[in-house]
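Asks: What follows is a predicted protein model with its sequence.
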Amino acid sequence: MGDHLIVDGYNVIFAWPETSDEMKKNGLESARNRLINTLINHAAITGIQTTIVFDAAKTKDSQHEIENTFGLKAIYTMEGETADNVIEKLTKELSRLETVYVATSDWLEQRMILGHGAFRLTPKELLSWVERAKKDAEGHYTGGTPVDGYLERSLTENVRSIFEKWRRKRS
């Protein structure tokens with residue numbers, strides 16, 4: 001049993017300053033790609049299975065599409081199907097199997113997913129999660145020296161001495 005993060009895509013794009021600014025400068029597709037890349041990195045750092053749902057209910061040429069990219073599943077809903085519908089189905093199915101978090105600021109959606117046993121995150125809380133995980137990962141990879149991770153560094157002096165005696169007997 002693991003954790004699963006479900007993100008209401010457009011809801012988060014409009015709520016995050018970075019993606020909202022990206023949308024104003026370069027359009028919705030660019031903002032969508034930025035959000036997807038951010039969440040791919042977050043999924044890789046945390047190991048949390050992540051699904052992002054984009055609403056295509058009001059477009060006429062929409063097709064149901066699912067993309068799996070580097071641990072992130074992106075779902076584009078069909079014409080007439082809302083992201084809320086898909087998120088509700090996912091939370092209902094997944095909450096029985098694993099811990100599910102849903103990032104959305106939609107109050108009605110939050111009430112629905114809480115009823116399915118999922119946890120809600122506001123877009124601001126999700127941004128905080130993402131930034132904290134990124135900071136922790138940077139600290140892990142930039143701190144210390146390469147030899148800090150060696151096994152012998154975590155052994156007591158007594159155990160290290162015993163291993164050293166064994167090694168010398170063999171040579």
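Replies: Perfect, I can see it now.

Asks: any idea how far residue 105 is from residue 90?
Replies: Here the criterion is CB to CB, to the nearest Å. By it, residue 105 lies 18 Å from residue 90. Backbone N, C-alpha and C define where each C-beta goes, glycine included.

Asks: Look at those two and report which has more neighbours.
Replies: Relative neighbour count places residue 90 above the other of residue 105 and residue 90, with 21 against 18, counting by other CB atoms under 10 Å.

Asks: surely that one meets residue 52?
Replies: No: Residue 90 is not in contact with residue 52 according to CB atoms under 8 Å; the separation is 11.0 Å.

Asks: Can you check which residues contact both of these two?
Replies: Jointly contacting residue 90 and residue 52 under the rule CB atoms under 8 Å, 6 or more residues apart in numbering are residue 6.

Asks: partner strands of the helix-or-strand element of the chain with minimal mean pLDDT, parallel or antiparallel?
Replies: Least confident element among the helices and strands of the chain, by mean pLDDT, DSSP states H and E: strand 65-69 (a mean of 77). Applying DSSP bridges, strand 65-69 is found paired with strand 72-76 (antiparallel).

Asks: Helix, strand, or coil at residue 117?
Replies: Following DSSP: H, G, I helix; E, B strand; the rest coil, residue 117 is assigned to coil.

Asks: contacting residues around it?
Replies: Contacts of residue 117 by CB under 8 Å, 6+ apart are 91, 95, 96, 100.

Asks: which residues sit in contact with the third one?
Replies: Right, the one you point to is residue 96. For residue 96, the contacting residues are residue 117, by CB under 8 Å, 6+ apart.

Asks: how would you label the spatially most central residue of the chain: helix, strand or coil?
Replies: Geometric centre of the chain, nearest residue: residue 43, 4.0 Å, by CA atoms, centre = their mean. Here residue 43 is recorded as helix under three-state DSSP.

Asks: And it, how far from residue 115?
Replies: Distance, residue 43 to residue 115, using CB to CB: 26 Å.

Asks: Repeat that for residue 155.
Replies: In terms of CB to CB, residue 155 sits 51 Å off from residue 115.

Asks: could you pull out the strands for the protein?
Replies: Here the chain has its strands, by DSSP state E, at 3-8, 49-54, 65-69, 72-76, 99-103, 119-121.

Asks: which secondary structure elements does the second one contact?
Replies: With contacts defined as 3 or more CB pairs under 8 Å, 6 or more residues apart in numbering; DSSP states H and E, the packing partners of strand 49-54 are strand 3-8, helix 9-15, helix 28-46, strand 72-76, helix 83-94.

Asks: Spell out which strands sit alongside that strand in the sheet and which way each one runs.
Replies: Sheet partners assigned to strand 49-54 using DSSP bridges are listed as strand 3-8 (parallel), strand 72-76 (parallel).

Asks: This completes my enquiry, with thanks.
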